[in-house]
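J.: after the sequence you'll find the predicted model.
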Amino acid sequence: MERRALFAALVMLSGNAFASGDDFGGLPEGEGRALVHVVCDGCHSIKLVVQQGLSRDSWAESLDLMVEEQGMAEMDPETYAIVLEYLSTHLGRDHRPPR
C-alpha cells in the first residue's frame, strides 16, 4: 500500500479509538491533537513530544528529520500543516509540560 494511503487509513481508524476516550498521553486539547497522537505515537512516546517546547521552525525541522532519517511516512501538505500548527501552537516554546 502506498505510504500516504496507509497514513490516511491510520488517521481515519484512529478517530474511533479517540472517540471512546482513550488517553492522548498529555497532549493538550486542540485541533489536530488526534492526528498528532497518531503521527508521533507510532514511533515514540508522546511524553517525548510534550517535553520539547520547540519553535515553529524547529518543529518543522523535526518533522522533516523524522521523515528523512527515521522512516516516518511522509504527510500530504494538508496533514503536515495541521500537525505543524498543532505542535507550534500547543507545544511551542512557551509551553510548560504538566508536572
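T.: Happy to help now that I have it. Numbering: from 1, shown residues only.
J.: most centrally placed residue in this protein?
T.: V36 (2.3 Å; CA atoms, centre = their mean).
J.: packing partners for the helix or strand harbouring that residue?
T.: Using DSSP states H and E, V36 falls within helix 33-41. The helices and strands touching helix 33-41, judged by 3 or more CB pairs under 8 Å, 6 or more residues apart in numbering; DSSP states H and E, are helix 3-19, helix 46-50, helix 77-90. Just so you know, the C-beta spots here come from the backbone N, C-alpha and C atoms, and that holds for glycine as well.
J.: any idea of the mean pLDDT in that helix?
T.: Averaging the model's pLDDT scores along helix 33-41 yields 93.
J.: and that helix with helix 77-90, angle?
T.: 100 degrees (axes from the mean of the first three to the mean of the last three CA atoms, to 10 degrees).
J.: chain center to helix 33-41, what's the gap?
T.: With CA atoms, centre = their mean, to the nearest Å as the basis, helix 33-41 stands 4 Å off its chain's centre.
J.: torsion angles phi and psi at G53?
T.: For G53, the backbone dihedrals are phi 60, psi 50 (criterion: degrees, to the nearest 10).
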